[in-house]
Structures are given as C-alpha cells and as structure tokens.
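# Fold the following for me, if possible:
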Amino acid sequence: MGISPAVVRELLDESATHECPDAPAGTCVRVLAIANLPTRFGDYQVAAFWSPTDRKEHAAFVHGDVVGQEEVPVRLHSECLTGDAIGSLRCDCRDQLLESLERIGKMESGIVLYLRQEGRGIGFVNKIKAYQLQDQGYDTVQANEALGFRADERDYAIAAHMLNTLRVRSIRIMTNNPSKVQDLTEHGVRIVGRIPVIVPPNDHDRAYMHTKQAKLGHLLGFEQDDDWHGTAESEPK
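Numbers count the residues shown, from 1 in each chain. You can find the predicted model right below:
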C-alpha cells in the first residue's frame, strides 16, 4: 500500500500555500502532483516537485507508505542522462539507479529521490566537456577542476526539503558517498544507517570508480566503514 489518497491531498494542499522563509540559503521546494506508477521493479508512486530555488523539476519515486515513517530507505540519485537513459559504460550511475529501484521495490517502503544535478552539479554541457578532457587522460576530478569547478558541485538542501515535505522522520541512506551523509545531516535529516549500493566495475569505468574511491572517499568495498560507528549495513532490512 502506498500513500493514501487522503494523505496525497493533504500533501498537495500543504504545498499549494507553502512558503520557505527559514530554509537555508532560500532553498524551497513544492510537491505539485502525485500519481501511481507501476514499474518493472514493483508498484511505486511518483511525486513531482518544483523548486523555485534552482528552477528545476525533481522527482521522488515512492514505494509503500513513507509519510511520517522512521528509518525509511532512501536513495539520492543525481541525474545522469548518458548513463540513466542511454546506458553509458563510462559510469555506474544507471547500475546504481536500477539496483536501488529493484531493492526498494522488494522492501516494505522506500524512496528514490531523482535530483536534476547532472554531472555532479556542473550541468550536461560541462559534463561532456569533462568527458573530452578525460579522453585526453584527465581523471574525473582533474577534469572538473580544469573547467573551474570543484570535484563535486552538488548540494542536497533540496533533497532534505523533499524528505521533509513527505514527512519522513528518519532515513537509512542508500549510498557509497560519505559526503551525502554529511550534507544531509547538516540540512537536518536524521540518518540512522547506511545501505551500500555496490556494483562491479566494467572495462570502461574502472578508472572512474578508482578515482571515486581514491579521491572522493566513496566506500566501494563491503568492508565495515569505521567512520559509521557500526551502523553500516550490507543488506537492507
């Protein structure tokens, strides 16, 4: 069972008059529509969000009833057109997205937040420029920095606000990226555990995966994460 029609109406009514005077850096987001979405991974609902902060549309793919719930499994997924839609082998984005949807579809409840932060927040055109530099021997971090960006320009204030809009009280985050944990925590999200999303590298993304681990601190092994104080989980509940 998903979010009930009565609660859907409540969420939409709340967003219709929602203001964000106290949001960090003026961050604001509103849910404008929620509909049923049967998928090959199970029954989901899709919530369409609009943020006047970045003037982008974001999505929450919700399985089960997450409203007011604790310890909700949540995957934060940043848009990757080349990987998600075209099946690029230069990254593991599509594999992580499909793995998350499949695993959450088998759980009692969970959410995949789909954020419009292409190319670690630098945008599609700059991402392809970074690819050009990678073709010349730069790694992903060096390429971003050569274009004048930080290694990762993403911000998760909007994601935190989306979770708050859905009244999620605490989450178990599905990620290999400690920066997501830190960023969400700083934006007031209570995180009670981590669920790794490990996919094997292929011949085209092996160096990319190595850079994520070596330079960005991604946790790409199943070994215990000492910084997580014993709450890391190799399998979801």
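
# Quick one: residues contacting the residue nearest the centre of the chain.
By C-alpha atoms, centre = their mean, the chain has its centre lying nearest to residue 76, at 1.3 Å. Applying C-beta atoms under 8 Å, 6 or more residues apart in numbering to residue 76 gives the contacts 113, 115, 156, 159, 173, 175, 180, 184. (C-beta placed from N, C-alpha, C; glycine too.)

# What's the local residue count around the fifth one?
Residue 173 is surrounded by 21 other residues when neighbours are defined as other C-beta atoms under 10 Å.

# what about the nearest residue to residue 179 once chain neighbours are set aside, neighbour count?
In space, and not counting its chain neighbours, residue 179 is closest to residue 152: 6.6 Å by C-beta to C-beta, 6 or more residues apart in numbering. For residue 152, the neighbour count with other C-beta under 10 Å is 21.

# filter the contacts of residue 76 to the buried ones?
Among the contacts of residue 76, those buried by neighbour count (16 or more other C-beta atoms under 10 Å) are 113, 115, 156, 159, 173, 175, 180, 184.

# For the protein, which segments are assigned as strands?
Using DSSP state E, the strands of the chain run over 30-39, 42-51, 56-63, 72-78, 110-115, 171-174, 191-195.

# Between strand 56-63 and the fifth one, find me the angle.
The one in question is strand 110-115. Going by axes from the mean of the first three to the mean of the last three C-alpha atoms, to 10 degrees, strand 110-115 is angled at 170 degrees with respect to strand 56-63.

# Could you check the angle strand 110-115 makes with strand 72-78?
20 degrees.

# coming back round to it: is the residue nearest to residue 179 in contact with residue 178, as I believe?
No: between residue 152 and residue 178 there is no contact under C-beta atoms under 8 Å: 11.5 Å.

# Spell out the residue ranges of the helices in the chain.
Secondary structure of the chain by DSSP state H: the helices cover 5-16, 93-105, 118-121, 124-135, 140-146, 157-165, 178-186, 206-216.

# of the ones you listed, which approaches residue 57 most closely?
Comparing the helices of the chain against residue 57 with C-beta to C-beta, the closest turns out to be helix 157-165 (11.0 Å).

# Could you report the distance from the residue nearest to the centre of the chain to residue 196?
For residue 76, the distance to residue 196 equals 14 Å [C-beta to C-beta, to the nearest Å].

# Which residues are in contact with each of those two?
Common neighbours of residue 76 and residue 196 are listed as residue 175 (criterion: C-beta under 8 Å, 6+ apart).
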